[in-house]
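K.L.:
Sequence below, structure please.
(one chain, ligands or ions: 1)
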Amino acid sequence: MPEIRPTVAQKDIICAEIAARPTAMVVFGASGDLARRKLLVSLFEVFKRGLLNERFYLLGCGRKELSDEQFRQVAEQAIQEESGDSSAKAIAPFINKLYYISGDYSDASFYESIKIKLAEYDKKHKVDGAVVFYLAVPPFLYATIVKRLCSAGLSSRSEPDSKRFRLVVEKPFGFSLQSAVELNNKIHGCFDESQIYRIDHYLGKETVQNILMFRFANIIYEPLWNRNYIDSVQVTISEKIGVEHRASYYDKAGALRDIFQNHMLQMLTLVAMEPPISFEADHIRDEKVKFLRSIRPFNVDQLDNFIVRGQYGPGSINGEKVIGYREEPGVNPESRTETFVAAKVFIDNWRWKGVPFYLRTGKRLAGKNTEIAITFKQVPHSMFISAGLDDIPSNILVLQIQPEEGIWLCFQAKRPGSKICMGTLNMNFNYRSVFGIDMPEAYERLLLDCMIGDQTLFTRQDGVEAAWGLLTPVLEAWQNDDAAPYEYPAGSSSFPAADSLIETDGRRWRELLGT
Ligand code: BG6
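P.N.:
Predicted coordinates:
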């Protein structure tokens, strides 16, 4: 049984952290970007917080030839770059838990060598055989690695081995409904669903996790959380960065696959799903899937009225000129890949019937801003009409995911001065000023959870397939459409076709933060 460590600090703060059992983590793609920038650094943070089991060890696997010592140097450098306050002395006890082995992912003998190493290090670190395999490799390698693990006897769907082996898969999980189903089938040949952890790093963000607590640990919002009181909802994930060094992946993926299918739909789901009966992984995931299935499918004959795509052209960010998407290194100069998606979706269920959800995500926009804004209906009657106050602004609740993590409630109040003087005020909760800390990196939570065996923050097969089921017809329609995405200048906030989705309903996009 996992050990539950209560860490109750104050009488009104209830925290519980479960410690991970002794585990071996095998990271495929250990010399790659994700491992260096996120995984090693996050594991070190978990270690610093005393939550990594002292018998933990990590075996990095990669094509690049590195000795244990060289891998440890790479890790140390990455940790120092990202978590600057740590000295080599503080890092050393963690670094000593790292090993490396190089080989060819499609070669069966590589997996035999991994097996031998695992037996050796299990003995050394007194790990009883629990292994988390982490696929931090390009998606085309997922099926190959899983197949080889299977043939090497490093996976099993039946007990007791099903309790020993876990598989963590990075996004994107598939490129369409069909490819996701195929990948699921292949993985299920070797791992049971209870052993599979599909990562969406947004679910590891504190502020995203807080959506459930905010909604379901307070009585005052839920009675209003429906079509009777809510006018509309906007979900925004905007980034200032462009495609960076990821053109080879991104040019094939685009914003719909890269962000919309996962992060965007997950945020939408958390804000609009029905209350689960408990905080158990499957109770939550059942409700999520039910919600995803209630999103009205896009009518492919009228796509432009509901979902539009854009691509950034040359422009300027923070006063500096930047190139357009098609000029980015590695991008096809005639690429029709979208870097911006805006959509209007409706939820066909009792709670949300008729409430529009406006969703937008894009790269190279004017601000870095992830938020969910819930606009309530206006008061039904203004008693201040005689003073000219007939159009009282709506209350807006903003769940700010980043960069300023917090919650804002905009409401109307009397302002000092004349008898009738009203203005919009903000009731503001800001994580940083209340808790005085930087938000933990999402991967810290997720890495710990896959070692503990808690699947709550990971997407289940039916959830992934429901999301692809909604978006695959859109992807196909765009692929068959000769028209290029609408161009928007880098550094702007939107473009006319995206504006018209919302403006035809008499509403406007919210201003991006940081503009
Ligand atoms: C990743 C996408 O999943 O999320 C990237 O692949 C994107 O394109 C990133 O930049 C955004 O994550 P965050 O945590 O910075 O909002």
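
K.L.:
Would you tell me whether the helix or strand hosting Thr207 gets close to the ligand?
P.N.:
Assigned by DSSP states H and E, Thr207 belongs to helix 206-216. No - for helix 206-216 and the ligand, the contact criterion (Cβ under 6 Å from any ligand atom) is not met; the two come no nearer than 9.8 Å. Yep, even glycine has a C-beta here, placed from its N, CA and C like the rest.

K.L.:
Off-centre distance for that helix?
P.N.:
14 Å (Cα atoms, centre = their mean, to the nearest Å).

K.L.:
oh, and call the first residue 48 from now on, that's how I've got it
P.N.:
In the new numbering, first residue 48, that becomes helix 253-263.

K.L.:
dump the residue contacts of the residue nearest to Gln449 when sequence neighbours are not counted.
P.N.:
With sequence-adjacent residues excluded and distances taken as Cβ to Cβ, 6 or more residues apart in numbering, Gln449 is closest to Thr417, at 4.8 Å. Thr417 sits next to 283-285, 314, 447-449 when contact means Cβ atoms under 8 Å, 6 or more residues apart in numbering.

K.L.:
tell me the secondary structure for the residue most central in space within the chain?
P.N.:
Taking Cα atoms, centre = their mean, the centroid of the chain lies closest to Tyr249, which sits 2.2 Å from it. Per DSSP: H, G, I helix; E, B strand; the rest coil, the secondary structure class of Tyr249 is helix.

K.L.:
Give me every residue in the stretch 248-397 of the chain lying close to the ligand.
P.N.:
So the stretch 248-397 of the chain meets the ligand at 286, 305-306 (Cβ under 6 Å from any ligand atom).

K.L.:
Scan these and report the most crowded one.
P.N.:
Neighbour counts for those (other Cβ atoms under 10 Å) peak at Asp305, which has 24 neighbours.

K.L.:
doesn't Tyr147 make contact with Ser114?
P.N.:
Yes - using Cβ atoms under 8 Å, Ser114 is in contact with Tyr147, at 6.9 Å.

K.L.:
Can you give me the buried ones in the helix holding Thr254?
P.N.:
253-259, 261-262 (16 or more other Cβ atoms under 10 Å).

K.L.:
Tell me the helix or strand right after the host helix or strand of Met498.
P.N.:
Taking DSSP H and E as the definition, one finds Met498 inside helix 489-499. Using DSSP H and E, the helix or strand that follows helix 489-499 towards the C-terminus is helix 508-526.

K.L.:
Tell me the bridge partners for Arg213.
P.N.:
Val179 (DSSP bridges).

K.L.:
quick one, what contacts it?
P.N.:
Arg213 neighbours (Cβ under 8 Å, 6+ apart): 178-180, 238, 242-244, 497, 500.

K.L.:
Among Ser114 and Tyr147, which residue is more densely surrounded?
P.N.:
Tyr147 (24 against 11).

K.L.:
doesn't the more buried one fall inside a strand?
P.N.:
Yes - read with three-state DSSP, Tyr147 is one of the residues of a strand.

K.L.:
how near is the closest residue to it other than its chain neighbours to the ligand?
P.N.:
Excluding the flanking residues, the one nearest Tyr147 by Cβ to Cβ, 6+ apart is Phe118, at 3.6 Å. As judged by Cβ to the nearest ligand atom, to the nearest Å, Phe118 and the ligand stand 25 Å apart.

K.L.:
okay, Phe118: pLDDT?
P.N.:
Looking at Phe118, its pLDDT is 97.

K.L.:
how about the residues of this structure that lie near the ligand?
P.N.:
So the chain meets the ligand at 286, 305-306, 417 (Cβ under 6 Å from any ligand atom).

K.L.:
I'd like to know which elements the helix holding Met498 is packed against.
P.N.:
Where contact means 3 or more Cβ pairs under 8 Å, 6 or more residues apart in numbering; DSSP states H and E, helix 489-499 is packed against helix 87-95, strand 178-182, strand 243-245.

K.L.:
What mean pLDDT does the strand or helix carrying Glu334 get?
P.N.:
In this structure, Glu334 sits in helix 328-340 according to DSSP H and E. Computed over helix 328-340, the mean pLDDT rounds to 97.

K.L.:
and the angle for it with helix 489-499?
P.N.:
Inter-element angle recorded for helix 328-340 and helix 489-499: 130 degrees (by axes from the mean of the first three to the mean of the last three Cα atoms, to 10 degrees).

K.L.:
quick one, phi/psi of Asp115?
P.N.:
As for Asp115, its main-chain torsions (degrees, to the nearest 10) stand at phi -50, psi -40.

K.L.:
for the closest residue in space to Phe542 that isn't next to it in sequence, helix, strand, or coil?
P.N.:
Using Cβ to Cβ, 6+ apart and skipping residues adjacent in sequence, the residue nearest Phe542 is Tyr535, 4.0 Å away. Following three-state DSSP, Tyr535 is assigned to strand.

K.L.:
Please name the residues that touch Tyr535.
P.N.:
Going by Cβ under 8 Å, 6+ apart, Tyr535 touches 357-360, 362, 387, 409, 541-542.

K.L.:
Return the member of those nearest to Leu214.
P.N.:
Gly409 (32.3 Å; Cβ to Cβ).

K.L.:
what does the model give that closest one for pLDDT?
P.N.:
Taking Gly409 on its own, its pLDDT is 98.

K.L.:
got it, and Lys58?
P.N.:
56.

K.L.:
just Val402 next, same as before
P.N.:
98.

K.L.:
Then Asn475?
P.N.:
92.

K.L.:
Three-state assignment for Val121, please.
P.N.:
helix.

K.L.:
could you list every residue that touches it?
P.N.:
Val121 touches 78, 83, 113, counting by Cβ under 8 Å, 6+ apart.

K.L.:
and the last one, that one's in a helix?
P.N.:
No - counting by three-state DSSP, Leu113 is not found in a helix; it is coil.

K.L.:
Distance of it relative to Glu167?
P.N.:
Using Cβ to Cβ, to the nearest Å, Leu113 is found at 18 Å from Glu167.

K.L.:
With the first one instead?
P.N.:
Taking Cβ to Cβ as the measure, Ser78 falls 21 Å from Glu167.

K.L.:
Quick check: the residue nearest to Phe542 vs Pro69, distance?
P.N.:
As judged by Cβ to Cβ, Tyr535 and Pro69 stand 51 Å apart.

K.L.:
what's the answer for Phe212, then?
P.N.:
Here the distance between Phe212 and Pro69 works out to 15 Å (Cβ to Cβ).

K.L.:
So for those two, which residue has more residues nearby?
P.N.:
Phe212 (22 against 17).

K.L.:
What's the local residue count around Ala434?
P.N.:
13.
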